[in-house]
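Asks: Fold the stuff below for me.
(one chain, ligands or ions: 1)
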Amino acid sequence: MTDTQDVAISVRDLKTFFYTNNRCNRAINGVSFDIKKGKTLCIVGESGCGKSVTAATIMQLLPRLSRIEEGEIIYHSEDGDIPLHALERNGRDMRRIRGSEIAMIFQDPMTALNPVYSVGFQIKESLKYHTNLGRKKAHEKAVDLLREMGISMPEKRVNDFPHRYSGGMRQRAMIAMAMSCSPKVLIADEPTTALDVTIQAQIFELMDKLKREHGTGIMLITHDMGVVAELADDVAVMYMGNIVEAGTVDEVLRNPAHPYTRALLASVPVLGKGKNQDIQAIRGSTPDPYDRPKGCQFAARCDFATAQCEAMPAETHITPTHRVMCWRYKELSGHAAE
Ligand SMILES: Nc1ncnc2c1ncn2[C@@H]1O[C@H](COP(=O)(O)OP(=O)(O)OP(=O)(O)O)[C@@H](O)[C@H]1O
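Replies: This is a model prediction of the structure:
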């Protein structure tokens, strides 16, 4: 994998399970990846594959009835490595890191914005908590942040309550709040799904700017391969709690090795691939997470499954950066393993 000095967060063999009615859902079943400084890692996959739980695990925002079962999440901070998996969910260390070092934005901005306080008040509170700026400086910084996020008349808008903002503006305000303490890592969970295409493009442009100008490491969760093509440096494809394929965006989009990645790519139009694309839905549906098949989780939906797929495929490196979990990837895609 990458040299740790380029890595903001490294996740290794992470397992997060849910327990309900004495049954266990292995929601994250042993995943490893790096969020690199100044790069965007896109986590992609269908609904229920574990994208949000991965984000919640890193942020220690897991719901009740779930817990980190195994593995490591190491935050490579300026002051040394911090094992996030070992911190108390709501302990002082985790609360300090959350927001000031690692920030998160959500699909619904109202998850992060409080309707009873002005947007400016909330940004200033975050600044007061995480920095030692005085009141006047915090106010100026809040206005600057809103301006940087493309909100017009920020001197006036800073005093407005969230309900006075449009959907796109709320999303920007949430990013402004997330960025208020110059976090080293931004975790974005489908931040533009509810927005129209123009606003979506503007938000992505903002995120790209953060990456370029502030060196922020971004983990962007999406189910949209078009977004991946546009924004990702690296891609991890998830299916039923595993990363079934990962690599640079070129490796994964140009040379997909896993039948699931290929099916995902065939199921959506991809930017830059022209108008006459053959769009095909992925057949079947994901298995019951509480009653999983043995072996490859995708086998029942895969056109290429054989008896061998009844055993869990090992992870194979095709290149130092491109890896896949499929018994048949070589014969299917003409890839040669290292
Ligand atoms: N609060 C919860 N209680 C019980 N199970 C949950 C909870 N949240 C997630 N899960 C389970 O964890 C697994 C992973 O879900 P997760 O929300 O991470 O998927 P996702 O890829 O983010 O999907 P989506 O795109 O729909 O948000 C699923 O099997 C889901 O049912």
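Asks: Just the element for the most far-flung residue of the chain relative to its centre, please.
Replies: For the chain, the largest distance from the centre (C-alpha atoms, centre = their mean) belongs to residue 136, which lies 34.5 Å off. In the assignment (DSSP states H and E), residue 136 maps to helix 135-148.
Asks: what does residue 186 give?
Replies: strand 185-189.
Asks: go on, residue 16?
Replies: Counting by DSSP H and E, residue 16 is part of strand 7-20.
Asks: Longest helix in the chain, by number of residues?
Replies: Using DSSP state H, we find that the single longest helix of the chain is helix 197-214.
Asks: quick one: that helix to helix 135-148, angle?
Replies: Helix 197-214 runs at 120 degrees relative to helix 135-148, counting by axes from the mean of the first three to the mean of the last three C-alpha atoms, to 10 degrees.
Asks: what's the angle from helix 197-214 to strand 185-189?
Replies: Using the same axes, to 10 degrees: helix 197-214 against strand 185-189 is 160 degrees.
Asks: Spell out which residues of the stretch 1-150 of the chain are next to the ligand.
Replies: Taking C-beta under 6 Å from any ligand atom, the part of the stretch 1-150 of the chain that reaches the ligand is made up of 18, 25, 27, 45, 47-53, 63. C-betas here are computed from N, CA, C, even on glycine.
Asks: circling back to that earlier point, what's the average pLDDT for the helix holding residue 136?
Replies: Regarding helix 135-148, the rounded mean pLDDT is 91.
Asks: now do stretch 311-330
Replies: Stretch 311-330 shows a mean pLDDT of 94.
Asks: who touches that stretch?
Replies: By C-beta atoms under 8 Å, 6 or more residues apart in numbering, the residues outside stretch 311-330 that reach it are 234, 242-248, 251-252, 255, 257-259, 294-296, 304, 306, 308-309, 332, 335-338.
Asks: Can you name the two of the residues of the stretch 1-150 of the chain next to the ligand that sit furthest apart?
Replies: 45 and 63 (19.4 Å; C-beta to C-beta).
Asks: Looking at the two, which has the bigger crowd around it?
Replies: residue 45 (25 against 8; other C-beta atoms under 10 Å).
Asks: Tell me the spacing between that one and residue 33.
Replies: 13 Å (C-beta to C-beta, to the nearest Å).
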